[in-house]
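Trainee: How does the following fold in three dimensions:
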Amino acid sequence: MEQSDCHLRKFVHHEKKKSGQHYLKEPNLVVDVISFIMRIRRSSKIVLSFGLGIVFLFYIFIPTATTVTSKETDCNCRKDGDFSHNTAGHVANEDSGLYKSQNHPDDPHKLAILIPFRDRFEELLEFAPHISEFLNRQKKNHHIFVINQVDNLRFNRASLLNVGFLESSPTFDYVAMHDVDLLPLNKELVYEFPSEGPFHVAAPHLHPRVHFHKVDGLSNKYWGWGLEDDEFYARLKEAQLSITRPGNLTSSTKNTFRHIHDRRIRKRDMIKCYNQQEITRKRDRQTGLSTTRYHIQSKREITVEGAEVTILNVILECNRSITPWCDCTENVGNTLKGQKKREKMDDIIVPKIDRKKHITQDG
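Mentor: Residues are numbered from 1 along each chain as shown. From the prediction side, this is the model:
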């Protein structure tokens, strides 16, 4: 129990200063609440998850007014109050070299696990220690980055992955784009450095940094759920990068990964508005890693049962002249006039889908 309390106390920063960042000491009440929750851990897993979720929310959102990061000096503040960060000429974080990875001397590479994230705290509590233990058994140097979208726009998984790639240390020479609700089970799923090109480990994608740059990352047009992976696959194929997948696995689809997402509780955002359905089924040659605009609201380092995690609280910027569907509250099913153009068949990544089946929030 003392070890668990020790890990969770890292969740609460004490007063410190480093590299232009200032953290104020958090209330002792938070520590007391966490300690109490840990004492009842064995008796009630549900209470533990609920309690840690509440503390996690408190920890992320309350201190933001007292935290100043060096990133704030690198953003442009517009009159409407939005913040933006132009990735053109992007300079890596001054603190980027300080991210810790598991120490495995025999592994010459370092893997950054990128987790696009919003309101999935229960899954994170299970995922972080699971993936860390899984990779430690493979003796892989790694670090977990949770890219947490904290703005009021629709979830944009692809843009968050672009942010994670830009914000992770350049000393990490390959990345795994991973979902927080997929737990690898089969030990034959090796998160090896993909020296011959992108490697698709069933659900996660392993990419050398140079290849991710070559295809300009992922499209920023995919607000809501779905199709960003299809468009990314089209980018890889167009760049003539060979994509390999694990073969001869002794497990099946039922025991290779464990999916812990419950669609009855967390419904996927399947809404289509404006001309989103038409645009997002085509190859995007307009946006990508180089056009990703965002602001880092705050940064946190936590430990979850021995797994070290960096949480980046991110505000994405939406260019409504390009993707007005980043907010569909007023225009579900509407199409902007004058934006329909003749289709190039080479750019179609998925066939046209019946619109009526997609104006729903149920996944």
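Trainee: so where's this structure shaky on pLDDT?
Mentor: Counting by pLDDT under 70, the chain shows low-confidence ranges at 1-102, 202-203, 247-254, 261-264, 332-346, 350-363.
Trainee: rerun that using 50 as the cut-off
Mentor: Within the chain, the set of residues satisfying pLDDT under 50 comprises 1-31, 34, 41-42, 58-94, 96-97, 336-339, 355-363.
Trainee: can you pull out the helices in it?
Mentor: When secondary structure is read from DSSP state H, the chain shows helices at 2-9, 28-39, 45-61, 121-137, 157-167, 209-214, 228-238, 276-279.
Trainee: roughly how far apart are residue 151 and residue 268?
Mentor: When distances are taken as Cβ to Cβ, to the nearest Å, residue 151 and residue 268 turn out to be 19 Å apart. To be clear about C-beta, it is placed using only N, CA and C from the backbone, and glycine gets the same treatment.
Trainee: Those two: who's more crowded?
Mentor: residue 151 (20 against 15; other Cβ atoms under 10 Å).
Trainee: who's in contact with the closest residue to that one other than its chain neighbours?
Mentor: Closest residue to residue 151 in three dimensions, ignoring its sequence neighbours and counting by Cβ to Cβ, 6 or more residues apart in numbering: residue 315, at 4.5 Å. Neighbour list for residue 315: 83, 150-151, 294-297 [criterion: Cβ atoms under 8 Å, 6 or more residues apart in numbering].
Trainee: Just the buried ones out of those residues, please.
Mentor: In terms of neighbour count (16 or more other Cβ atoms under 10 Å), the buried residues within the contacts of residue 315 are 83, 150-151, 294-297.
Trainee: ok, back up a step: could you report the distance from the residue nearest to residue 151 to residue 307?
Mentor: 26 Å.
Trainee: try residue 265
Mentor: In this structure, residue 265 and residue 307 are separated by 24 Å, where distance is defined by Cβ to Cβ.
Trainee: Show the end-to-end separation of stretch 105-115, please.
Mentor: According to Cα to Cα, to the nearest Å, stretch 105-115 extends 25 Å from its N-terminal end residue to its C-terminal end residue.
Trainee: In contact with the residue nearest to residue 208 when sequence neighbours are not counted, which residues?
Mentor: Leaving aside its chain neighbours, residue 208 sits nearest to residue 174 (5.0 Å; criterion: Cβ to Cβ, 6+ apart). Residue 174 makes contact with 109-112, 193-194, 206-209 under the criterion Cβ under 8 Å, 6+ apart.
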